[in-house]
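Novice: Coordinates for the following, if possible.
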Amino acid sequence: MKNITFSADERVIELAREEARNRKTTLNALFREWMEDLARRDERRNNIETLLKNMSRYDSGGPYTRDELNER
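Specialist: The predicted structure follows:
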């Protein structure tokens, strides 16, 4: 694992440490989790776009009347 050094306002760091303590983890672990989430955003976006394209192949058979939509 590679080390990275960042700068941040002292108050922000203290608030982040407090949040980490509340979650029973470390600031470093929270930061790694955030970095992993950030790195996967494009992958998730692509997966969602693929899913939506695949779903567009399906047809509901509509349009339906209000009564048809409310049938139980």
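Novice: ok, now how distant is the residue sitting furthest away from the middle of the chain from residue 59?
Specialist: Largest separation from the mean C-alpha position in the chain: residue 67, at 37.8 Å (Cα atoms, centre = their mean). With the distance defined as Cβ to Cβ, to the nearest Å, residue 67 ends up 21 Å from residue 59. From N, CA and C alone the C-beta is placed, and that goes for glycine too.
Novice: Could you do residue 9 as well?
Specialist: Residue 9 is 54 Å from residue 59, by Cβ to Cβ.
Novice: for residue 21, same thing?
Specialist: From residue 21 across to residue 59, the span is 53 Å (Cβ to Cβ).
Novice: So for these two, which sits in the more crowded spot?
Specialist: residue 21 (11 against 6; other Cβ atoms under 10 Å).
Novice: hang on, the earlier thing: identify the residues contacting the residue farthest from the centre of the chain.
Specialist: If you count contacts by Cβ atoms under 8 Å, 6 or more residues apart in numbering, residue 67 has none.
Novice: in which helix or strand would I find it?
Specialist: helix 66-70 (DSSP states H and E).
Novice: Now that helix: average pLDDT?
Specialist: Averaging pLDDT along helix 66-70 yields 91.
Novice: Report the distance from that helix to the chain centre.
Specialist: Distance of helix 66-70 from its chain centroid, counting by Cα atoms, centre = their mean, to the nearest Å, is 35 Å.
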